[in-house]
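**Student:** sequence and predicted structure, then a few things I'm wondering about:
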Amino acid sequence: MLEFPLWKKLWLWGLTLALAAAALPSLFTSTGLGWPAQLPSPQINLGLDLAGGSHLLLEAKAEDVAAQRLTNMEESVRQLMRSATPRIRIGDVSTAEGRLSFILEDAADIDRARGLIEPLMMGTGLQREWDLQVIDGQRMVLTPTQSGIDAALNDAMDAATEVVRRRIDELGTREPTIIRQGDTRIVVQVPGLEDPEALKNLLGQTAQLEFKLVDLTALPANVQAGIAPPGSEIFPYAPGTGRDGQFEAVRRLGGIRGDNLTDATAGVDPQDNQNVVNIAFDTQGGAKFAKLTRENVGKPFAIILDGQVLSAPNINEPILGGRAQIKGSFTTESANQLAIALRSGALPVPLEVVEERSVGPDLGADSIRRGLIAMMIGSLAVITLMMATYGRFGVYATVALVFNVLILLGIMALLNMTLTLPGIAGFVITIGSAVDANVLINERIREERARGRKVIAAIEAGYREAGRAIYDANFTNFIAGVALFIFGAGPVKGFAVVLVVGLFSSVFTAVTLTRLWVAGWLRKARPNDIRI
């Protein structure tokens, strides 16, 4: 029990010193001292409550999801009817009152049309998402079910959460907190972000990119008055395009959306030195884009971003290869933000900032200072009590406590973890619980000596018998910590991380290291009695 071969001593000391050394860069940085750039510098990330940063609450409107879903269904129905053999002709299409209705020109096509539409009405879980009704033998009405609307909203919010996460990751920030809250809200916390306004602009941008043919039959006077021809819709030009206050009429269906983008990068056009965004489509999107441009050479098509026209250039020749360029009077920053938004994907539903809070770094520094004060007071109290109660064995417990803190910081730095204010509270609890193991061991050694056992036998029995209770107690704490991490969010997770990592470092230092030191002292001093 107390035998340590040379290789084991070297291994334990090497592991201890390596993990403790990993904590030094974070300690040097937090105290304002410089750390040599040529040396490895694993760092502990500070959470929003310590480093400052931005807190946003984003909200989506369920009506937007329902409207987009209705548009998608209309386009799918038109495509199915058009591709049927022979073609099924429809007319009088309406999306009023949240329902899609249309009339079949030939009542004899009712069964064929129903057979084509039926697969569109079922969801992924074999749950009916649309109800079909036939009126007067020719009018078909598709009404979304409530379960279908709920499923679409849930899918849209899950997708929006993932898009928000990708956009923030593109900013290079560390350990953001992005979680859904309720049915239509997303909480975003980004530590250390110095420009919260840029974050709002980035997350508020839906980045729904569309390429639609300009309706050449529309009269300019009607377009400016907001009157669109049948089958078309009107969009305003984006500010800064040189056509502020003007509008463009485009075909409502049949264009290309930016869902098939694979890449988007900011760049500069070498011909006129304008900031542009270069985009690339996947194979399917590239084929659609090539078909659109091939069939409409000489005609203008509008590049629309979030309901605003960036430009409406003429198609001079087919654009092949799946690559294109977007111009729109961009600045370097706006081109880069648009590229990030397009790379991370379009939001399936617009998000609005309904709550914004900023935490200044001064408040974070004050939290760190108060937390450190609490930790120092707790540490001094524990150290004083241990040394006064257990003498030499209390000294071993104190040194083990110092190494415990350093190892805990080192592991967090190596794993690139985030420290929050509740995490500091976890540190304080770890310091208190770390010595529990030594208390159990020392008290058990004292009991064994009182029963008449010799020194070495008493120490061996103390570590062996107390070890069982120590491992059982820490295992139950480990289960609680894992549960907090899995089911908790934000600050709760920060506390759970420190608690779980602290369990491993506490057992290692309080049991294994102290046993190594006690064994070395016994071998060297060979005492006949111990004061404990």
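**Tutor:** Okay, I see it.

**Student:** helices or strands next to the helix or strand where Val187 lies in the packing?
**Tutor:** Counting by DSSP states H and E, the element that carries Val187 is strand 185-191. The contact analysis (3 or more CB pairs under 8 Å, 6 or more residues apart in numbering; DSSP states H and E) places strand 185-191 against helix 48-51, strand 53-60, helix 146-170, strand 177-181, helix 196-204. (C-beta placed from N, C-alpha, C; glycine too.)

**Student:** low-confidence ranges, the stretch 1-150 of the chain, go.
**Tutor:** For the stretch 1-150 of the chain, the stretches flagged by pLDDT under 70 are 1-2, 30-34, 123-126.

**Student:** what ranges does it have for its strands?
**Tutor:** Along the stretch 1-150 of the chain, counting by DSSP state E, counting those that start in this stretch, strands occupy 45-46, 53-60, 90-94, 100-104, 130-135, 139-144.

**Student:** can you name every helix or strand that the fourth one contacts?
**Tutor:** Right, strand 100-104. So strand 100-104, by 3+ CB pairs under 8 Å, 6+ apart, packs with helix 62-83, strand 90-94, strand 139-144.

**Student:** any idea which of these gets closest to Phe235?
**Tutor:** helix 62-83 (14.5 Å; CB to CB).

**Student:** CA atoms only for the strand holding Val187, dumped as PDB, please.
**Tutor:** Backbone C-alpha positions of strand 185-191 (Å, rounded to 0.1, in the frame of the first residue of the first chain) are rendered in PDB as follows:
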ATOM      1  CA  ARG A 185     -37.000  32.400 -28.600                       C
ATOM      2  CA  ILE A 186     -33.200  31.900 -28.600                       C
ATOM      3  CA  VAL A 187     -30.900  33.100 -25.900                       C
ATOM      4  CA  VAL A 188     -27.400  34.200 -27.100                       C
ATOM      5  CA  GLN A 189     -24.500  35.100 -24.700                       C
ATOM      6  CA  VAL A 190     -21.200  35.900 -26.200                       C
ATOM      7  CA  PRO A 191     -18.300  36.600 -23.700                       C
END
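
**Student:** so how far is that strand off the chain centroid?
**Tutor:** Between the centre of strand 185-191 and the centre of its chain there are 9 Å (CA atoms, centre = their mean, to the nearest Å).

**Student:** show me what counts as buried in stretch 422-433.
**Tutor:** Pro422, Gly423, Ile424, Ala425, Gly426, Phe427, Val428, Ile429, Thr430, Ile431, Ser433 (16 or more other CB atoms under 10 Å).

**Student:** and stretch 306-319, by the same measure?
**Tutor:** Neighbour-count burial for stretch 306-319 [16+ other CB under 10 Å]: Asp306, Val309, Leu310, Ser311, Ala312, Ile315, Ile319.

**Student:** next secondary structure after whichever strand or helix holds Ala335?
**Tutor:** Using DSSP H and E, Ala335 sits in helix 332-344. Sequence-wise, the next helix or strand downstream of helix 332-344 (DSSP H and E) is strand 351-359.

**Student:** now that following strand and helix 62-83, what's the angle there?
**Tutor:** Using axes from the mean of the first three to the mean of the last three CA atoms, to 10 degrees, the inter-axis angle of strand 351-359 relative to helix 62-83 is 140 degrees.

**Student:** what lines up beside strand 351-359 in the sheet?
**Tutor:** Using DSSP bridges, the strands paired with strand 351-359 are strand 53-60 (antiparallel).

**Student:** how far away from the center of its chain is the strand it pairs with?
**Tutor:** 13 Å.

**Student:** go ahead and name everything in contact with it.
**Tutor:** 48, 153, 156-157, 160, 164, 181, 184-193, 196, 199-200, 203, 349-359 (CB atoms under 8 Å, 6 or more residues apart in numbering).

**Student:** returning to that earlier point: from the buried residues of stretch 422-433, pick the one nearest Asp169.
**Tutor:** Gly423 (22.1 Å).

**Student:** the closest one and Asp49: what is the separation?
**Tutor:** 9 Å (CB to CB, to the nearest Å).

**Student:** what does Phe393 give?
**Tutor:** In terms of CB to CB, Phe393 sits 38 Å off from Asp49.

**Student:** and what of Leu19?
**Tutor:** From Leu19 across to Asp49, the span is 26 Å (CB to CB).

**Student:** hang on, the earlier thing: possible to save the strands of the stretch 1-150 of the chain as CSV with distance to Gly488 and mean neighbour count?
**Tutor:** Output for the strands of the stretch 1-150 of the chain, formatted as CSV (distance: least, CB to CB, whole Å; neighbours: other CB atoms under 10 Å):
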stretch, distance to Gly488, mean neighbour count
strand 45-46, 18, 22
strand 53-60, 18, 21
strand 90-94, 49, 13
strand 100-104, 43, 19
strand 130-135, 39, 14
strand 139-144, 36, 17
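
**Student:** could you dump those to TSV with distance to Leu6?
**Tutor:** Formatted as TSV, the strands of the stretch 1-150 of the chain follow (distance: least, CB to CB, whole Å):
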stretch	distance to Leu6
strand 45-46	39
strand 53-60	49
strand 90-94	85
strand 100-104	80
strand 130-135	75
strand 139-144	74
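
**Student:** compare the ones you listed and report which one is nearest to Thr331.
**Tutor:** strand 53-60 (22.1 Å).

**Student:** ok, residues contacting stretch 210-219?
**Tutor:** 228-229, 231-232, 248-252, 254-258, 289, 292, 296, 299-305, 312.

**Student:** from those, list just the buried residues.
**Tutor:** 228, 232, 248-252, 255-256, 258, 289, 292, 300-305, 312.

**Student:** now, the residues you listed that are in strands?
**Tutor:** Ser232, Glu248, Ala249, Val250, Arg251, Ile256, Phe301, Ala302, Ile303, Ile304, Leu305 (DSSP state E).

**Student:** closest to Trp7 out of those residues?
**Tutor:** Leu305 (64.7 Å).

**Student:** partner residues bridging the closest one?
**Tutor:** Beta-bridge partners of Leu305, as defined by DSSP bridges: Leu209, Gln308.

**Student:** could you give the mean pLDDT of stretch 202-219?
**Tutor:** In this model, stretch 202-219 has a mean pLDDT of 77.

**Student:** look through the protein and tell me its longest helix.
**Tutor:** helix 455-487 (DSSP state H).

**Student:** what's the angle from whichever helix or strand comes after that helix to strand 185-191?
**Tutor:** Scanning forward in sequence from helix 455-487 by DSSP H and E, the next helix or strand is helix 491-507. Relative orientation of helix 491-507 and strand 185-191, computed by the same axes, to 10 degrees: 50 degrees.

**Student:** just the buried residues of the next helix or strand after helix 491-507, please?
**Tutor:** Sequence-wise, the next helix or strand downstream of helix 491-507 (DSSP H and E) is helix 514-525. Across helix 514-525, burial judged by 16+ other CB under 10 Å covers Thr514, Arg515, Leu516, Val518, Ala519, Trp521, Leu522.

**Student:** for those residues, give me a markdown table that also has distance to Leu6 and pLDDT.
**Tutor:** Output for the buried residues of helix 514-525, formatted as a markdown table (distance: CB to CB, whole Å; pLDDT from 0 to 100):
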| residue | distance to Leu6 | pLDDT |
| --- | --- | --- |
| Thr514 | 19 | 90 |
| Arg515 | 16 | 89 |
| Leu516 | 12 | 90 |
| Val518 | 17 | 88 |
| Ala519 | 13 | 87 |
| Trp521 | 17 | 88 |
| Leu522 | 17 | 86 |
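
**Student:** Arg185: neighbour count?
**Tutor:** 16 (other CB atoms under 10 Å).

**Student:** distance check, it against Glu63.
**Tutor:** 15 Å.

**Student:** list the buried ones in stretch 106-115?
**Tutor:** Here stretch 106-115 shows Asp109, Ile110, Arg112, Ala113 as buried, counting by 16+ other CB under 10 Å.

**Student:** identify the residues contacting the second one.
**Tutor:** The neighbours of Ile110, taking CB under 8 Å, 6+ apart as the test, are Leu104, Val134, Gly137, Gln138, Met140.
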